[in-house]
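Q: Sequence first, predicted model second:
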Amino acid sequence: MRGLWRLVRLTPHVLHGLWIVRTAFASMTPEQRHERIQWWSRKTLRVLGIELTCSGSELAAGHLVVANHVSWLDIAAVHAVLPQARFVSKADVKHWPVVGALVTGAGTLYIERTSKRDALRVVHQAAEALQARDCVAVFPEGTTGAGPELLPFHANLLQAAVATQSPVLPVVLRWHEPGECFSPSARFIGDTTLVQSLWAIASARGLGIDVQILPPVPTAGLDRRALGEALRAAISARL
């Protein structure tokens with residue numbers, strides 16, 4: 001009953017988000033859009049019974065956010081704290097029902113992960129966004145993991161920060177629930193479908209997400225591989 005009630009409440013909230021994206025975003029200033037994105041993301045977590053805690057300080061503008069990846073809800077968790085973040089996401093998310101329209105409205109940059117040419121295009125696009133003082137966010141693991149241990153970092157997209165000498169903001173995401181330091185309910189791995197994951201999250205008791213913003217990492221003098229190793233070490237140590 002807990003999960004069913006949360007999903008009943010989530011439905012009008014999601015439809016409201018779609019309405020905002022499709023009818024109101026075009027006339028809003030960037031600051032107004034960020035405010036709505038943060039409000040919508042925080043309410044999404046509340047409706048699903050997820051407690052949000054956050055620590056650390058963000059940068060003003062023009063930085064790359066790098067986070068570990070556990071759940072499809074990671075984007076909402078980051079947007080609840082850093083609503084200005086423009087995520088780089090795999091292209092098939094664009095075609096997910098409802099979710100695709102929402103993340104597209106939030107300014108997501110899409111990438112065909114199997115195409116080296118497309119990766120280069122997105123690196124240039126991300127670099128242009130950073131030079132325009134936007135905040136770009138990536139999950140360098142490239143896919144979701146179980147939580148306690150990080151997958152290898154793919155450094156290609158970090159080249160955007162290296163090329164523009166933009167600082168990188170490491171963000172640690174730790175999903176937890178009673179009796180578990182790393183929540184099994186939030187994991188989106190293996191053959192788990194989006195529907196199965198949504199039901200597991202909605203049904204969970206005491207699910208929480210801890211968002212930790214670590215000190216910025218300067219990129220001067222680093223190549224993308226060295227930067228990736230430094231970021232992975234920082235996030236792994238905090239996990």
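A: Looks like it came in fine. In this text, all values refer to a predicted model and were calculated from it rather than measured experimentally.
Q: can you list the weak-confidence ranges in this structure?
A: Where the chain drops to pLDDT under 70, the residues are 113-116.
Q: For the top strand by length along it, name the packing helices and strands.
A: As assigned by DSSP state E, the longest strand anywhere in the chain is strand 168-176. Under the contact criterion of 3 or more C-beta pairs under 8 Å, 6 or more residues apart in numbering; DSSP states H and E, strand 168-176 touches strand 64-67, helix 74-79, strand 208-213, helix 224-238. Every C-beta, even on glycine, is put in place using the N, C-alpha and C of the backbone.
Q: so after that strand, what's the next helix or strand?
A: Proceeding N to C from strand 168-176, the next assigned helix or strand is helix 194-203, under DSSP states H and E.
Q: For the residue most central in space within the chain, which non-adjacent residue is spatially closest?
A: Geometric centre of the chain, nearest residue: I75, 3.0 Å, by C-alpha atoms, centre = their mean. Using C-beta to C-beta, 6 or more residues apart in numbering and skipping the chain neighbours, the partner closest in space to I75 is F87 (5.7 Å).
Q: What is the burial count for E141?
A: For E141, the count of nearby residues is 19 (other C-beta atoms under 10 Å).
Q: what does the one 10 residues further on give?
A: Residue neighbour count, defined by other C-beta under 10 Å, stands at 16 for L151.
Q: how about the nearest residue to it once chain neighbours are set aside, what does it touch?
A: Once flanking residues are discounted, L151 sits nearest to E141: 4.1 Å by C-beta to C-beta, 6+ apart. By C-beta atoms under 8 Å, 6 or more residues apart in numbering, the contact set of E141 is N68, H69, L150, L151, P152, F153, H154.
Q: State the distance from E141 to L15.
A: Separation of E141 from L15 (C-beta to C-beta, to the nearest Å) stands at 32 Å.
Q: cool, G145 as well?
A: Look at G145 and L15: by C-beta to C-beta, they are 31 Å apart.
Q: what do you get for L194?
A: With distances taken as C-beta to C-beta, L194 is found 17 Å from L15.
Q: re the thing from before, if I look at the residue nearest to L151, how far off is R117?
A: From E141 across to R117, the span is 22 Å (C-beta to C-beta).
Q: just A204 next, same as before
A: Applying C-beta to C-beta, the value for A204 to R117 is 41 Å.
Q: follow-up on the earlier one: filter the contacts of E141 down to just the buried residues.
A: Among the contacts of E141, those scoring as buried are N68, H69, L150, L151, F153, H154 (criterion: 16 or more other C-beta atoms under 10 Å).
Q: how about CSV for the residues you listed, with distance to V8 and secondary structure added?
A: Output for the buried ones among the contacts of E141, formatted as CSV (distance: C-beta to C-beta, whole Å; DSSP: H, G, I helix; E, B strand; the rest coil):
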residue, distance to V8, secondary structure
N68, 31, coil
H69, 29, coil
L150, 36, coil
L151, 35, coil
F153, 39, coil
H154, 39, coil
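Q: Between those residues, which sits nearest G190?
A: G190 has its nearest neighbour among these in L151, at 13.5 Å by C-beta to C-beta.
Q: List phi and psi for the closest one.
A: Dihedral pair for L151: phi -80, psi 170, per degrees, to the nearest 10.
Q: need the contact list for it.
A: E141, G142, T143, G145.
Q: do L150 as well
A: L150 neighbours (C-beta under 8 Å, 6+ apart): N68, E141, R232, I235, S236, L239.
Q: the inter-axis angle of the longest strand of the chain versus helix 224-238?
A: Computed by axes from the mean of the first three to the mean of the last three C-alpha atoms, to 10 degrees, the angle separating strand 168-176 from helix 224-238 equals 40 degrees.
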